[in-house]
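A.B. asks: Sequence first, predicted coordinates after that:
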Amino acid sequence: TPRSGGRTQLLTPPPGTNFADPVVHRMDGATYLFFEAFEHNGKGRILVCEIGADGSLSAPQEALRADYHLSYPFAFTWQDRHFMIPESSENGTLDLWESDGSATSWRKRQTLLEGLEAVDATLFQTGAGWWMFTSVREHSATSYSDNLHLYFAESPLGPWQAHPANPVKFNVRSSRCAGPLYTHNGSLMRPAQDCRRRYGAGIVLNRIEQLTFTEFTETPVQAIAPAGKGEDGLHTFCVTHDWIASDRRSRIPPSNTHAARFDPQGNPAPQNALERVRIKTL
């Protein structure tokens, strides 16, 4: 696939399974696509494909499973080691896993936060330290999708401290994380879910204006919605230097995960690398 765009690679799940939450991560010279496989038993597990230089995807293999639901496999590198923080709110924990040397072998390193229902934890490092963006359901009558909480630490191992302004954002349109943060033309961008109509209906790209130990502000700058036949949801948007990966909720077929190359000097959401989407400046 050409770096500046081209044919989107489509990964379609087998019957009875949905694929979602794609995250692209580079390990030991290879590029991998991690994603959730949500099955009819109501539990999610993490699968992985290798992305070839030509954009091809290998057959999915299991990377991680637990006795409870797993999703949103946020993967990152720190001190030349590879880590993952899958969403595990059903267990009431937020756990850090470390690779044992391959994309299909992980061990639990430690619990970062416990006693709370936190979803879609997304880490980002600045000169001030590490930041964790997540959404928290404080009791059963509230939602995961209308708030953003911040935590900070000196390293990914913690200890993690809650931001004094938590929740730093309360807006169902653009709070819940939808993928890793990335830099575009000098601006720090944070993909978020637009859950006004329902969970995972679309994406809003936020430009972060302030990120300090006492303040946080961001500005929504672009909205992305699915436009293909039968598609009515888009809730993950992962941007790396070479790739965009997204998922689409679709009735035909039931659910898809996409990976496509893109030009990092193009638009925040380059349309030529994503087929069948509507992109609107806010």
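C.D. replies: In hand now; what should we look at? Numbers count the residues shown, from 1 in each chain.
A.B. asks: Keeping just the C-alphas, turn stretch 34-45 into CSV.
C.D. replies: The C-alpha trace of stretch 34-45 is given here as CSV (Å, rounded to 0.1, in the frame of the first residue of the first chain):
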residue,chain,number,x,y,z
PHE,A,34,-3.8,-5.7,18.2
PHE,A,35,-7.6,-5.7,18.6
GLU,A,36,-10.5,-7.0,20.6
ALA,A,37,-12.4,-10.1,19.6
PHE,A,38,-15.8,-9.9,21.3
GLU,A,39,-17.6,-13.3,21.2
HIS,A,40,-21.1,-14.5,21.8
ASN,A,41,-20.2,-15.5,25.4
GLY,A,42,-20.0,-11.8,26.2
LYS,A,43,-16.2,-11.8,26.8
GLY,A,44,-13.5,-10.1,24.9
ARG,A,45,-10.0,-11.3,24.3
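A.B. asks: Show me what Ile208 is bridged to.
C.D. replies: Residues in a beta bridge with Ile208, per DSSP bridges, are Glu218.
A.B. asks: Make sure it is actually in contact with Met189.
C.D. replies: Yes: using C-beta atoms under 8 Å, Ile208 is in contact with Met189, at 7.4 Å. Just so you know, the C-beta spots here come from the backbone N, C-alpha and C atoms, and that holds for glycine as well.
A.B. asks: So those two - more neighbours on which side?
C.D. replies: Between Ile208 and Met189, counting by other C-beta atoms under 10 Å, Met189 is the more crowded of the two (22 against 17).
A.B. asks: overlap in contacts of Ile208 and Met189?
C.D. replies: Leu181 (C-beta atoms under 8 Å, 6 or more residues apart in numbering).
A.B. asks: Show me what the helix or strand harbouring Leu148 pairs with in its sheet, parallel or antiparallel.
C.D. replies: Leu148 is part of strand 147-153, with elements assigned from DSSP states H and E. Strand 147-153 pairs in its sheet with strand 129-137 (antiparallel), strand 161-162 (antiparallel), strand 169-170 (antiparallel), by DSSP bridges.
A.B. asks: between those strands, which one is nearest to Arg81?
C.D. replies: Proximity to Arg81 (C-beta to C-beta) singles out strand 129-137 among the strands paired with strand 147-153, at 14.5 Å.
A.B. asks: what pLDDT, on average, does the closest one get?
C.D. replies: Strand 129-137 shows a mean pLDDT of 96.
A.B. asks: Would you mind listing the buried residues in it?
C.D. replies: Buried residues in strand 129-137, counted by 16 or more other C-beta atoms under 10 Å: Trp130, Trp131, Met132, Phe133, Thr134, Ser135, Val136, Arg137.
A.B. asks: Could you do stretch 69-80 as well?
C.D. replies: His69, Leu70, Ser71, Tyr72, Pro73, Phe74, Ala75, Phe76.
A.B. asks: which ones are touching the closest residue to the fourth one other than its chain neighbours?
C.D. replies: Computed as C-beta to C-beta, 6 or more residues apart in numbering, the closest residue to Tyr72 that is not its neighbour in sequence is Glu87, at 4.0 Å. When the contact criterion is C-beta under 8 Å, 6+ apart, the partners of Glu87 are Asp21, His69, Leu70, Ser71, Tyr72, Val119, Asp120, Ala121.
A.B. asks: ok, the helix or strand encompassing Arg26: who's next to it in the sheet?
C.D. replies: Using DSSP H and E, Arg26 sits in strand 17-27. Strand 17-27 pairs in its sheet with strand 30-39 (antiparallel), by DSSP bridges.
A.B. asks: and for the strand it pairs with, what are the contacting residues?
C.D. replies: Residues contacting strand 30-39 (C-beta under 8 Å, 6+ apart): 11, 13, 16-26, 44-51, 57, 60, 63, 70-73, 75, 84, 103, 242-243, 245, 247, 257, 259.
A.B. asks: ChimeraX command to pick out the buried ones of the residues you listed?
C.D. replies: Buried members of the contacts of strand 30-39, defined by 16+ other C-beta under 10 Å, are picked up in ChimeraX with:
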select :11,13,17,18,19,20,21,22,23,24,25,26,44,45,46,47,48,49,50,51,57,60,63,70,71,72,73,75,84,103,242,243,245,247,257,259
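A.B. asks: Keep only those of the contacts of strand 30-39 that are in strands.
C.D. replies: 11, 17-26, 44-51, 63, 71-73, 75, 84, 243, 245, 247, 257, 259 (DSSP state E).
A.B. asks: Would you format the buried residues of stretch 69-80 as JSON lines with pLDDT and distance to Leu33 included?
C.D. replies: Converted to JSON lines, those look like this (pLDDT from 0 to 100; distance: C-beta to C-beta, whole Å):
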{"residue": "His69", "pLDDT": "95", "distance to Leu33": "20"}
{"residue": "Leu70", "pLDDT": "97", "distance to Leu33": "16"}
{"residue": "Ser71", "pLDDT": "96", "distance to Leu33": "15"}
{"residue": "Tyr72", "pLDDT": "97", "distance to Leu33": "14"}
{"residue": "Pro73", "pLDDT": "98", "distance to Leu33": "10"}
{"residue": "Phe74", "pLDDT": "98", "distance to Leu33": "13"}
{"residue": "Ala75", "pLDDT": "98", "distance to Leu33": "10"}
{"residue": "Phe76", "pLDDT": "98", "distance to Leu33": "15"}
